[in-house]
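>>> sequence isn't available, so here's the structure alone:
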């Protein structure tokens, strides 16, 4: 999931206070008691992380988690539980072995993680050899100096980066009252700014851009030259944290013929300094990965609590989060947390014996990390394609979709995605949870996750505001994204609040208000 850009607005001066159509106070008390006292959210998280392992889309870990979630939802009493295909995705992949160490000028183990959808080191034994440091200012120099010289070798690309510790901000933080007040008093966006253009006459910036351009071409160069192993550096990570995603392609016929691992900046820069200082640096490595090309379909986990109202039972309230993760760890905060919370939401509703008027449908998505593919495919199959906006029969049946995908932090409120009419409804629903720190309703958008698939076709889609904790600094797409970085109290709070939102959405006489229907995007443009 991408980092968030948002502006928060106080709706107290924007909307008159309104009251719910139905008094759900008894139901809310049941939800609160069950969610805060009898929570199973951490058990769900344990199974999705420690038991299932990393959950790269179409990997064995993903299917372990998907099959477990389907079975667990069925045990809770949900119906129509299925692992539903949404369209073509591509090949699966997993790492099966990764060992890397420097053996000269002295021995030291190296923290390394294979980049997703990349190959293995050749042969059945460890690869050993001297590191080749590629240093070229452009593609012409690259091919002139290194073409035909790196086959079967261990290589790295020269980096101009330096490690820069932070002295001003802690790794983990919560939204303070001052920050929330500042957000509440912010003005809405009035248009797009030009943004920073950079100084194109600055020689240092020009050199940086040239190096970045060359690095983008390296994949094709390596594919042709077939090194044994490529080392790359996690620029955002230090202190042993690796931000790691893909390096190869998940396309069915893609060629991924060399090993490629991510190192922390600490280890990478040390190796580079040694080579630049004239030392003979030797590494030994054994990196093994496995591809799964037989089934290229992508799948979501879907299940339902049937509605009970004779008039409204065919209408739908949806909730979800993305089940897939990256391979660096077990995807705890991104996004086993969101999936565990949403599973806990439906468990709470079932355990309290509440009878929703509308059908409640949970979906755990795949392919989010590759571009919201699972939710986009689902929306296209069931509701509408944003390219042509031809509405399917079920488009008008969905009241709202609720999403959670911003880490382990507690819920502080909700983003409206510009849906002004939903504001007073949500403000009222948050009141019973003000004592738990959830008060803020925002008019502006937040991006980078699966609610956008629904919003793109005119179905109300919402993401909750969460405390950031150490999401961007330490866990998001890193080797630190493990169960131990989850905060149980925060996940219990989030589950309880979202259960109340989902249930009250199912109980309203009317569906959640909708914005104006989007116009077709066309087949050549971006869907979101």
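That came through, no problem. Worth saying up front: this structure is predicted, and the values here are computed from it rather than measured.

>>> so where does residue 97 fall, helix or strand?
In this structure, residue 97 sits in strand 92-104 according to DSSP states H and E.

>>> tell me who's in contact with residue 259.
The neighbours of residue 259, taking C-beta atoms under 8 Å, 6 or more residues apart in numbering as the test, are 114, 118-121, 228-230, 285, 287, 289. Any C-beta I mention is one placed from the backbone N, CA and C, and that applies to glycine too.

>>> who's it bridged to?
Note on residue 259: beta-bridge partners residue 119, residue 229, judged by DSSP bridges.

>>> same deal with residue 359?
residue 316.

>>> unless I'm mixing things up, it is touching residue 305, no?
Yes: counting by C-beta atoms under 8 Å, residue 305 is a contact partner of residue 359 at 6.8 Å.

>>> look at these two and report which has more neighbours.
Neighbour count, other C-beta atoms under 10 Å: between residue 359 and residue 305, residue 305 has more, with 26 against 23.

>>> can you check the pLDDT for that one?
For residue 305, the model assigns a pLDDT of 98.

>>> look up phi and psi at it.
Dihedral pair for residue 305: phi -100, psi 120, per degrees, to the nearest 10.

>>> what about stretch 337-354, average pLDDT?
98.

>>> stretch 486-503 too?
Average pLDDT, stretch 486-503: 98.

>>> and the gap between the residue of the chain positioned farthest from its centre and residue 66?
Here the chain reaches farthest from its C-alpha mean at residue 278, the gap being 41.8 Å by C-alpha atoms, centre = their mean. Residue 278 sits 52 Å away from residue 66, going by C-beta to C-beta, to the nearest Å.

>>> pretty sure the residue farthest from the centre of the chain belongs to a strand, no?
No: per DSSP: H, G, I helix; E, B strand; the rest coil, residue 278 lies outside any strand segment and is coil.

>>> so which residues of the stretch 351-500 of the chain form strands?
359-365, 398-403, 411-415, 440-442, 461-466 (DSSP state E, counting those that start in this stretch).

>>> would you format these as JSON lines with distance to residue 148 and mean pLDDT included?
Formatted as JSON lines, the strands of the stretch 351-500 of the chain follow (distance: least, C-beta to C-beta, whole Å; pLDDT from 0 to 100):
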{"stretch": "strand 359-365", "distance to residue 148": "45", "mean pLDDT": "99"}
{"stretch": "strand 398-403", "distance to residue 148": "50", "mean pLDDT": "98"}
{"stretch": "strand 411-415", "distance to residue 148": "53", "mean pLDDT": "94"}
{"stretch": "strand 440-442", "distance to residue 148": "56", "mean pLDDT": "89"}
{"stretch": "strand 461-466", "distance to residue 148": "50", "mean pLDDT": "96"}
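
>>> using CSV, lay out those together with distance to residue 475.
Shown next, in CSV, are the strands of the stretch 351-500 of the chain (distance: least, C-beta to C-beta, whole Å):
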stretch, distance to residue 475
strand 359-365, 20
strand 398-403, 19
strand 411-415, 18
strand 440-442, 23
strand 461-466, 13
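
>>> sorry, back to before: who touches the residue farthest from the centre of the chain in this structure?
The contact partners of residue 278, by C-beta under 8 Å, 6+ apart, come to none.

>>> repeat that for the one 10 residues further on.
Contacts for residue 288 were tallied using C-beta under 8 Å, 6+ apart; they are 95-98, 120-121.

>>> let me know the closest of those to residue 382.
Taking C-beta to C-beta as the measure, residue 382 sits nearest to residue 95 out of the contacts of residue 288, at 34.2 Å.

>>> burial count for the closest residue to that closest one other than its chain neighbours?
Distances taken as C-beta to C-beta, 6 or more residues apart in numbering place residue 114 nearest to residue 95, at 4.6 Å, with adjacent residues excluded. Applying other C-beta under 10 Å, we find 29 residues neighbouring residue 114.

>>> good, wrapping up.
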